[in-house]
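A.B. asks: Turn this into a model:
(one chain, ligands or ions: 2)
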Amino acid sequence: MGAYLQGSLFDQADTIGLGPLHGVRRTELRDGAWIDVLSGWLSGADTLFARLATEVPWKAERRRMYDRTVQVPRLLAFYGADDALPHPVLAEARDALSAHYAAELGEPFATAGLCYYRDGHDSVAWHGDRTGRGRREDTMVAILSVGAPRDLLLRPRGGGATVRRPLGHGDLLVMGGSCQRTWEHAIPKTSRTTGPRISVQFRPAGVR
Ligand SMILES: O=C(O)CCC(=O)C(=O)O
Ligand SMILES: [Fe+2]
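C.D. replies: Numbering: from 1, shown residues only. Ligands and ions are numbered 1, 2, ... in the order given. The predicted structure is shown next:
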């Protein structure tokens with residue numbers, strides 16, 4: 001609670017709305033991967049966090065790990081290309097991203113995956129989004145983060161220095177190029193006191 005209230009000092013706007021995308025800054029990573037970052041793209045992010053936290057039909061999933069099933073350490077929701085998103089600003093965000101990256105991506109963002117990290121025990125382990133075409137082809141995954149910041153870590157698959165970007169309060173990070181094939185990303189657990197965070201990942205059709 002303390003951390004969440006402290007966080008909200010950074011974003012006291014009540015009105016939920018998106019800024020322009022032209023301030024996005026690209027960082028080239030090795031091996032044909034890159035990330036684009038825009039801090040505070042969405043204003044009213046803490047208000048949106050509260051709406052999503054209560055209104056999204058969150059699912060706690062279990063996954064098979066070798067010979068046992070384990071609880072996935074975050075809550076999940078998935079919206080396919082034809083599903084209505086849980087807040088109109090998310091459709092606006094998806095469409096703005098599709099327009100901004102149209103020439104480079106060659107197709108629109110279509111689906112939205114949502115993750116809810118309730119506290120520092122929630123996390124996502126090192127992975128690439130490689131279930132679909134991201135395994136073979138360059139693509140993009142755009143992440144909009146609301147609520148308290150958590151560190152997104154990226155590291156090259158072949159070994160090398162880790163890149164760390166704290167994301168929360170309406171920040172945008174886009175992973176592009178070969179990022180899902182040649183790099184991995186994670187949201188590590190943290191023992192620091194941290195408020196809850198929700199991330200929204202926009203992906204083209206056939207990328208997971
Ligand atoms: O929460 C995030 O920012 C990352 C989530 C993620 O990597 C995924 O769901 O594939
Ligand atoms: Fe991912």
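
A.B. asks: Ligand 1 contacts on this structure?
C.D. replies: 113, 115, 124, 129, 143, 152, 185, 187, 199, 201 (Cβ under 6 Å from any ligand atom). C-beta coordinates here come from the backbone N, C-alpha and C atoms, glycine included.

A.B. asks: wouldn't residue 153 be in contact with residue 162 here?
C.D. replies: Yes - applying Cβ atoms under 8 Å as the test, residue 153 and residue 162 come out as touching, 5.3 Å apart.

A.B. asks: Rounded mean pLDDT for the lengthiest strand in the chain, please.
C.D. replies: Counting by DSSP state E, the longest strand found in the chain is strand 68-79. Mean per-residue pLDDT for strand 68-79: 96.

A.B. asks: next SSE after that strand?
C.D. replies: Downstream of strand 68-79, the first helix or strand assigned by DSSP states H and E is helix 88-100.

A.B. asks: Of all residues in the chain, which one is closest to ligand 1?
C.D. replies: Relative to ligand 1, the nearest point of the chain is residue 199 (3.2 Å; Cβ to the nearest ligand atom).

A.B. asks: Whichever strand or helix holds that residue to helix 88-100, inter-axis angle?
C.D. replies: Assigned by DSSP H and E, residue 199 belongs to strand 197-203. Angle of strand 197-203 versus helix 88-100, following axes from the mean of the first three to the mean of the last three Cα atoms, to 10 degrees, is 40 degrees.

A.B. asks: strands paired with strand 197-203, and their directions?
C.D. replies: The strands beside strand 197-203 in its sheet (DSSP bridges) come out as strand 111-117 (antiparallel), strand 141-147 (antiparallel).

A.B. asks: Helices of the chain, start to end?
C.D. replies: 2-8, 45-55, 88-100, 102-105, 179-182 (DSSP state H).

A.B. asks: What ranges in this structure fall below the confidence cut-off?
C.D. replies: 1-12 (pLDDT under 70).

A.B. asks: If the residue positioned nearest the centre of it is in a bridge, with which residues?
C.D. replies: With distances taken as Cα atoms, centre = their mean, residue 143 lies nearest the centre of the chain, 3.1 Å away. Residue 143 has these beta-bridge partners by DSSP bridges: residue 173, residue 201.

A.B. asks: ok, it - contacts?
C.D. replies: Contact analysis of residue 143 by Cβ atoms under 8 Å, 6 or more residues apart in numbering lists 152, 167, 172, 173, 174, 175, 199, 200, 201, 202.

A.B. asks: With neighbour count added, can I get the residues you listed in a markdown table?
C.D. replies: Below are these laid out as a markdown table (neighbours: other Cβ atoms under 10 Å):
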| residue | neighbour count |
| --- | --- |
| 152 | 23 |
| 167 | 23 |
| 172 | 26 |
| 173 | 24 |
| 174 | 24 |
| 175 | 25 |
| 199 | 23 |
| 200 | 27 |
| 201 | 21 |
| 202 | 27 |
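
A.B. asks: Compute the inter-axis angle for the strand holding residue 199 and helix 45-55.
C.D. replies: Computed by the same axes, to 10 degrees, the angle between strand 197-203 and helix 45-55 is 90 degrees.

A.B. asks: what comes into contact with strand 197-203?
C.D. replies: 49, 52-53, 90, 93-94, 97, 109-117, 129, 139-150, 167-168, 187.
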